[in-house]
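Peer 1: predicted model and sequence below, questions to follow.
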Amino acid sequence: MKKLIILAIGLAMSCNSSQTTVSDGDKNAVSKSTNTPETFAETITESELKEYLYTYASDEFEGRETGKPGQKKAVEYLKAQYEKMGIPAAQKNGDYFQKVPLQVSQLPVGSLIVDGKVYPLGDDFLTFSKAQGTFDNIVYVGYGIEDDNYSDYKNIDVKGKVVLVKSGEPVMTNGNYLLSGSSEKSIWSNMSESLGKRLELATSKGAKGILYYDESNFSRFKSRFSWMKSNDSGRMEVAKDDSDGFFNFLINAKLAKALLPSILSDNKPKKISKKIVVDVESKNDDIESENVVAVLKGSEKPNEYLVISSHLDHIGVTADGEINNGADDDGSGTVALLEIAQAFKKAADAGQGPKRSIVFLHVTGEEKGLLGSQYYADVDPIFPLENTVANLNIDMIGRIDPKRVGERNYIYLIGSDKLSTELHELSEEVNEKYTNIDLDYTYNDENDPNRFYYRSDHYNFAKNNIPIIFYFNGTHDDYHRPGDTPDKINYDLLENRTRLVFYTAWEVANRKDRIIVDKATK
């Protein structure tokens, strides 16, 4: 799992033999057969999971850091397993490897000048974007929001211009938020999504760049920037075409007020008669990496897809040479995905293949910022997102959270109800019928300070309104440390948790109607 580094500026076992599915009664009934879901779930075993993991999380794979030799060994291993199972590659060219072009952007240097006064990068503004030029066409667009019944861009042309935007959202005279009509803030105030939505909107309006004022978070981002500067550390990201020259800067109060002294109280969009000179330089190093993607075609609805995912990478080797094996993070999810794939292939060979296609997606670069899943979802989805019915994401399911009080046979579920009531109910019913695991929703709380919902690969599907479930055992003392080794995995729990994902996938893939999205985000 990715550590929570928010630099937004770049930024077991049940033997119930019933044939009926657990959702929507007879409407979604699976064909009756002597081969039940239990038959194939029982092929998911402790012994096979252990065999896989002792290889995948061995020293030979050198911690599987993105772009490093160990990660290359990992993808070759995964490819070999799918070839052995007889599950074909997802890409039409037969290649299991989806190339993910990455780059490490070195910390930039430079300054921004407003009316002749110099504001140094790292002090008054932060960015990873290289940018140069002189601009006298600044437009203040208030909160930089556009929603169904509200727009800061109304009657404002920002094409080719730089926009000044502040965080927050409009409030009515009664104290309620305008967008929600209540005391609840909208997604535009969500810390993990607010800037991304504003960047997307400004870009769609043709803006040349954005100056984003977020005083409440600036100091935290600045601390991270300063740490990276002192450690000569760059940031890995999906390679992008900088030919359009769009830049995004996070600015502090000093710079924001130099541009618009009344910015705190003024919400009205307007042109600003200020000239700025931008001179920021940055160098990038290219990195080659890969997602591993296989697919089992559906028998009745082959053009609808269920994606089951886990991340194949980890954090590599420490400076003193210790290997971070990542047995739990996310070796456990990786081997679970292999066992699930094998179970579905055995079902298909027995004439009980899934009605919908199932995509087995092992993504790279999760530890670097969810990069492999970002590339799949935002840049090059092998299968159309509009035909993707759900994503079940597995990230760390082999250990026990020492902070959790209760039975050891549990799993944290995150996100199951965020977009689809139906998926959440299906998940609950599947568990009650087959696995009887304690489903713990502690980290599903929107106010959870850990913000795990935004920290694994399902999020890149969820932000595209694809229903998700994130399966997670919580962190532990060996999280992102050399002590995360395969001998510490609870293989009985890993087996039961993996079977839960399989059963859930079985129901989603075989039900008559696709999962309904009734809580889509904007």
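Peer 2: Received it, and whenever you're ready, just let me know what you need.
Peer 1: would you map the strands across the stretch 1-150 of the chain?
Peer 2: Taking DSSP state E, counting those that start in this stretch, the strands of the stretch 1-150 of the chain run over residues 97-105, 109-114, 117-120, 125-126, 131-135, 138-140, 146-147, 150-151.
Peer 1: just these: most buried one?
Peer 2: strand 125-126 (a mean of 26; mean count of other C-beta atoms under 10 Å). No exception for glycine: its C-beta is placed from N, CA and C like everyone else's.
Peer 1: let me see the domain layout of this protein.
Peer 2: Domain ranges of the chain: 34-102+287-510, 107-282, per automatic domain parsing.
Peer 1: what about Asp286, how many residues close to it?
Peer 2: Residues within reach of Asp286, counting by other C-beta atoms under 10 Å, total 10.
Peer 1: now name the helix or strand holding Phe360.
Peer 2: Using DSSP states H and E, the element containing Phe360 is strand 356-363.
Peer 1: elements contacting the helix or strand following that strand?
Peer 2: Next along the chain after strand 356-363, taking DSSP H and E as the criterion, comes helix 371-374. Contact analysis of helix 371-374 by 3 or more C-beta pairs under 8 Å, 6 or more residues apart in numbering; DSSP states H and E lists strand 97-105, strand 235-238, strand 284-296, strand 301-311, strand 356-363, helix 459-462 as its packing neighbours.
Peer 1: any idea which helix or strand comes after helix 371-374?
Peer 2: With DSSP H and E, the next secondary element past helix 371-374 is strand 388-394.
Peer 1: elements contacting that next one?
Peer 2: Judged by 3+ C-beta pairs under 8 Å, 6+ apart, strand 388-394 is in contact with strand 301-311, helix 333-349, helix 459-462, strand 468-472, helix 491-510.
Peer 1: now the last one: buried residues?
Peer 2: So the one you mean is helix 491-510. Neighbour-count burial for helix 491-510 flags 491, 493-510 (criterion: 16 or more other C-beta atoms under 10 Å).
Peer 1: only alpha carbons, please: show it as CSV.
Peer 2: Taking C-alpha atoms only, helix 491-510 is exported to CSV below (Å, rounded to 0.1, in the frame of the first residue of the first chain):
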residue,chain,number,x,y,z
TYR,A,491,-2.2,-18.5,5.7
ASP,A,492,-5.5,-19.7,7.0
LEU,A,493,-6.8,-16.1,7.0
LEU,A,494,-5.3,-15.5,3.6
GLU,A,495,-7.2,-18.5,2.3
ASN,A,496,-10.5,-17.4,3.7
ARG,A,497,-10.1,-13.8,2.6
THR,A,498,-9.2,-14.8,-0.9
ARG,A,499,-12.2,-17.1,-1.1
LEU,A,500,-14.4,-14.1,0.0
VAL,A,501,-13.1,-12.1,-3.0
PHE,A,502,-13.6,-15.1,-5.3
TYR,A,503,-17.2,-15.6,-4.1
THR,A,504,-17.9,-11.9,-4.5
ALA,A,505,-16.4,-11.8,-8.0
TRP,A,506,-18.5,-14.9,-8.9
GLU,A,507,-21.7,-13.2,-7.9
VAL,A,508,-20.8,-9.9,-9.7
ALA,A,509,-19.7,-11.7,-12.8
ASN,A,510,-22.7,-14.1,-13.0
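Peer 1: using CSV, write out the CA atom coordinates for the host helix or strand of Leu195.
Peer 2: Assessed by DSSP H and E, Leu195 sits inside helix 194-204. What follows is helix 194-204, C-alpha atoms only, in CSV (Å, rounded to 0.1, in the frame of the first residue of the first chain):
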residue,chain,number,x,y,z
SER,A,194,-10.2,19.1,-4.7
LEU,A,195,-7.1,20.2,-6.6
GLY,A,196,-7.4,17.4,-9.1
LYS,A,197,-10.9,18.5,-10.0
ARG,A,198,-9.9,22.1,-10.3
LEU,A,199,-7.0,21.2,-12.5
GLU,A,200,-9.2,19.1,-14.8
LEU,A,201,-11.7,21.9,-15.0
ALA,A,202,-9.2,24.7,-15.7
THR,A,203,-7.5,22.5,-18.4
SER,A,204,-10.9,21.8,-20.1
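Peer 1: what comes into contact with the helix or strand that that helix is followed by?
Peer 2: Per DSSP H and E, helix 194-204 leads on to strand 209-213 as the next helix or strand towards the C-terminus. Residues outside strand 209-213 that contact it (C-beta atoms under 8 Å, 6 or more residues apart in numbering) are 9, 125, 129, 131, 135, 138, 144, 162-167, 195, 198-199, 202, 245-253, 255-256, 259, 263, 278.
Peer 1: filter the residues you listed down to the buried ones, PyMOL style.
Peer 2: Listed next is the PyMOL selection for buried residues among the contacts of strand 209-213, using 16+ other C-beta under 10 Å:
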select buried, resi 9+125+129+131+135+138+144+162+163+164+165+166+167+195+198+199+202+246+247+248+249+250+251+252+255+256+259+263+278
